[in-house]
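K.L.:
sequence unavailable; structure follows:
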């Protein structure tokens, strides 16, 4: 069966979670989204840092969301864990029901479609690596206690994540206490809940990350150049600081400014 096409009557937004620091990565990632995902309705940048000076805060399709805007209990601030932030994304006002969640070091290498993340039955698809999740993780214990021991599960791949806001709220309700306590992997608990929940059997699926759907962490210019010319669907950059030649290659490849830059 052909994967379901992107719904024409339902918008899809994108969310970046950015910790601050190296903003050249965020800039290039936004350019890759602008180039290969022009159908995205709105982009949210969730951060505790000051937005970079080049970011157009007044653009109607861009919103900067502070951590404190998502937290009801101010004593929980600051949110230092990426998982703690990801669990709260459903609280963003005006967010589309389905959205794409990206880290600032995720990049698109070729045309992205919502259909890349949708199953033939209209469910969600997520990508996994060959490696197993380390035994004893909190998320796996929670899943096993509810659905039976299915360990080991495969690690989720370092790719953009397609998330349904309604399911995200549901998982938050089911495991509210351990999630608030911290240390619960968002990717493991959320995505494996979709494929293991009896009411959702056969609707959602996990897919091995390979070929056009591979995550490819890179740390040097040669690997980066190879990825950009091979154009995988998406890839990931390791490390907080770009090397000189890696920076040049990204600028050459994503030279066109996005709509979100001054």
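P.N.:
Here it is on my side, so go on. Fair warning: this is a prediction, and the values are worked out from it, not measured in the lab. Numbering: from 1, shown residues only.

K.L.:
strands along the stretch 51-200 of the chain, start to end?
P.N.:
62-66, 98-103, 106-108, 125-132, 154-156, 161-164 (DSSP state E, counting those that start in this stretch).

K.L.:
tell me which strands and helices the first one is in contact with?
P.N.:
Packing contacts for strand 62-66, counted by 3 or more CB pairs under 8 Å, 6 or more residues apart in numbering; DSSP states H and E, involve strand 43-47. From N, CA and C alone the C-beta is placed, and that goes for glycine too.

K.L.:
so what strands line up beside the strand it packs on?
P.N.:
strand 12-17 (parallel), strand 62-66 (parallel) (DSSP bridges).

K.L.:
also compute the angle for it relative to strand 98-103, please.
P.N.:
Strand 43-47 runs at 50 degrees relative to strand 98-103, counting by axes from the mean of the first three to the mean of the last three CA atoms, to 10 degrees.

K.L.:
which residues does strand 43-47 contact?
P.N.:
With contacts defined as CB atoms under 8 Å, 6 or more residues apart in numbering, strand 43-47 is touched by 13-20, 26, 30, 33, 51, 55, 61-67, 70, 85, 89, 92, 95, 260.

K.L.:
redo that, cut-off 6 Å
P.N.:
By CB atoms under 6 Å, 6 or more residues apart in numbering, the surrounding residues in contact with strand 43-47 are 14-18, 62-65, 92.

K.L.:
and stretch 145-153, by the same measure?
P.N.:
Against stretch 145-153 from outside (CB under 6 Å, 6+ apart): 132-133, 140, 192, 196.

K.L.:
ok, back up a step: got TSV for the strands of the stretch 51-200 of the chain, with mean pLDDT too?
P.N.:
Shown next, in TSV, are the strands of the stretch 51-200 of the chain (pLDDT from 0 to 100):
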stretch	mean pLDDT
strand 62-66	95
strand 98-103	96
strand 106-108	93
strand 125-132	92
strand 154-156	94
strand 161-164	96
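
K.L.:
quick revisit: out of the contacts of stretch 145-153, who's nearest residue 112?
P.N.:
Nearest to residue 112 among the contacts of stretch 145-153 is residue 192, at 23.6 Å by CB to CB.

K.L.:
quick check: that closest one touching residue 144?
P.N.:
No. Using CB atoms under 6 Å, residue 192 is not in contact with residue 144; the gap is 10.2 Å.

K.L.:
neighbour count winner among the two?
P.N.:
Comparing residue 192 with residue 144 by other CB atoms under 10 Å, the one with more neighbours is residue 192, at 25 against 14.

K.L.:
hmm, back to that, check the contacts of stretch 145-153 for burial and list the buried ones.
P.N.:
The neighbour count (16 or more other CB atoms under 10 Å) marks 133, 140, 192, 196 as buried among the contacts of stretch 145-153.

K.L.:
circling back to that earlier point, which one, of the strands paired with strand 43-47, ends up nearest to residue 159?
P.N.:
Among the strands paired with strand 43-47, strand 12-17 comes nearest to residue 159, with 13.4 Å by CB to CB.

K.L.:
doesn't residue 160 make contact with residue 215?
P.N.:
No. Using CB under 6 Å, residue 215 makes no contact with residue 160, being 9.5 Å away.

K.L.:
more neighbours, these two?
P.N.:
residue 160 (27 against 18).
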